[in-house]
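In: Could you look at this predicted model? Sequence included:
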Amino acid sequence: MKSGPAILVVDDDASLAATLRDFLSREGYQVEVAQSGAEALAIQAANSRISLALIDLIMPVMDGLTLTEELRRRDPDLAVVIMTGYGTIETAIEAIKKGAEDYLTKPFDYVAVRKKIARLMEVMELRERVAQLEGNLERQECFENIIAVSTAMERVLERARLAAATDASILIVGETGTGKEMLARAIHQASPRARMPFVAVNSGALPRELVESELFGFRRGAFTGAYTDAPGIFSAASGGTVFLDEIGEMPKDVQVKLLRVLQEGELRPVGSTKAVHVDVRVVSATNRPLNELRGAALREDLYFRIATVVLQVAPLRSRPEDILVLAQHFSARLSRRYGREISLARSALELLLGYPFPGNVRELESLIESASAVSADNPQSITDKDLRPLLSHAELSPASSIPALVSMEQVERLTIQQALRMADGNRTKAASLLGISRDTLYRKLRQYQG
């Protein structure tokens, strides 16, 4: 018997319905039978796999056209074939107006029935494959806002894509400014929960005495100032994702209650004696090393709950190719915002490649925006002289430049090669990843091949 879509046969003639059921079952389809409109609606509600309905036109209480409208109102993708002993053009037109795909005349020509059902099932399978491909494309596009071509980030993003399709708890580890929240949002958007809320909270920014009530809500009268019930972050995000940034700063007593939420799927608002069911996915983040987080900052049992999948985002200083791509991306974005051409001179790129970026991607973006905001030149070419006063002098050293063993050209060539690999050789897509025009990419390819 074929897996997948099921067929619903609706006819008040029990003998005819049974005959049709037996025929379709021999053809390999899963079949449900109803003898009234009310029974058909109940079967549809109980079986989400009903994708095709064969409905008799003339039935007592609820006729076939009325039932067609109601079934399709509940499931707009449901395919309907009207069965009638009155095979007139008027009947066919009326049935199609009500949403039917086709009609069959009684007594049945079972060769025609076989062909029509097979055609409709092929169309539905094709629609399902298209929907799956569109879903895959949407999930891939969710990560396109994360600009990166380095091998280290490619591995992180691939793991994130795979984890997004599951409901596993995820822990993102990385220094401040590496884009942990952006990655968490991309995971949410690529997950089955994408249409539900994404609620972010910084565990370290909440006042210690309010953490529990902010996360889990409270009941009226629970404490001074609690004049009404409040749902809390977890209830507000029910069905979606809660992003707990700086999870290592969460007080230990609150960690116990968070563990219950993750284990049991329920919480107890402050001042309440009743548990409330919640359905949320938790994505956490920390800038602490894992060995410090586990045990010292977090209870070990909670750590294992939140760290089903661990994604470690490397600091920007260890990804020179991403420094180039991000710098070009930020300058191109500012060009669009300010309506003038903004670019980075070679001297600026060399300075950036030798800088350790304690603030990571966030600092790089701020540097380029700061240099752009104090100039009205069109075109503007940002140089090392424009950037140097903006850099953290504590991080600079006289030797702050590209390491002697790694030239600018080597980094650029590696970046282009990586972008082409990620784009499966598509040069237009690779140029988009790099934040440069296709002509510029072709010019650089000729330069490095020469």
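Out: Great, that's in hand.
In: Now residue 387: phi and psi?
Out: phi -90, psi -30 (degrees, to the nearest 10).
In: Would you agree it is in contact with residue 351?
Out: Yes. With contact defined as CB atoms under 8 Å, residue 387 and residue 351 form a contacting pair (5.7 Å). (C-beta placed from N, C-alpha, C; glycine too.)
In: tell me which residues of stretch 157-171 are tucked away?
Out: 157, 160-161, 163-164, 169-171 (16 or more other CB atoms under 10 Å).
In: pLDDT, secondary structure and distance to residue 438 added to those, as CSV?
Out: Shown next, in CSV, are these (pLDDT from 0 to 100; DSSP: H, G, I helix; E, B strand; the rest coil; distance: CB to CB, whole Å):
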residue, pLDDT, secondary structure, distance to residue 438
157, 92, helix, 24
160, 95, helix, 28
161, 92, helix, 26
163, 95, helix, 33
164, 94, helix, 31
169, 95, coil, 41
170, 97, strand, 36
171, 97, strand, 39
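In: ok, residues contacting stretch 161-170?
Out: 139-140, 142-143, 160, 184, 186-188, 190-192, 262, 281-284, 305-311 (CB atoms under 8 Å, 6 or more residues apart in numbering).
In: Please convert the buried members of the residues you listed into PyMOL selection syntax.
Out: Selection of buried members from these for PyMOL, criterion 16+ other CB under 10 Å:
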select buried, resi 139+142+143+160+184+186+187+188+190+191+262+281+282+283+284+305+306+307+309+311
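In: Please, where are all the strands along this protein?
Out: 6-10, 30-34, 50-56, 79-84, 102-105, 170-173, 198-202, 241-245, 266-267, 276-277, 281-286, 309-312, 342-344, 380-382 (DSSP state E).
In: can you redo the ones you listed as TSV with distance to residue 332?
Out: Shown next, in TSV, are those (distance: least, CB to CB, whole Å):
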stretch	distance to residue 332
strand 6-10	51
strand 30-34	54
strand 50-56	46
strand 79-84	47
strand 102-105	52
strand 170-173	27
strand 198-202	27
strand 241-245	28
strand 266-267	45
strand 276-277	47
strand 281-286	28
strand 309-312	27
strand 342-344	8
strand 380-382	13
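In: Tell me which of the ones you listed lies nearest to residue 357.
Out: strand 342-344 (15.1 Å; CB to CB).
In: residues of that closest one that come out buried?
Out: Buried, per 16+ other CB under 10 Å, within strand 342-344: 342, 344.
In: So which elements touch that strand?
Out: Applying 3 or more CB pairs under 8 Å, 6 or more residues apart in numbering; DSSP states H and E, one finds that strand 342-344 makes contact with helix 320-338, strand 380-382.
In: how about 10 Å then?
Out: helix 320-338, helix 346-353, helix 360-373, strand 380-382, helix 384-387 (3 or more CB pairs under 10 Å, 6 or more residues apart in numbering; DSSP states H and E).
In: With respect to residue 233, which of these lies nearest?
Out: helix 360-373 (24.0 Å).
In: Give me the angle between that closest one and helix 320-338.
Out: Between the axis of helix 360-373 and that of helix 320-338 there is an angle of 40 degrees, by axes from the mean of the first three to the mean of the last three CA atoms, to 10 degrees.
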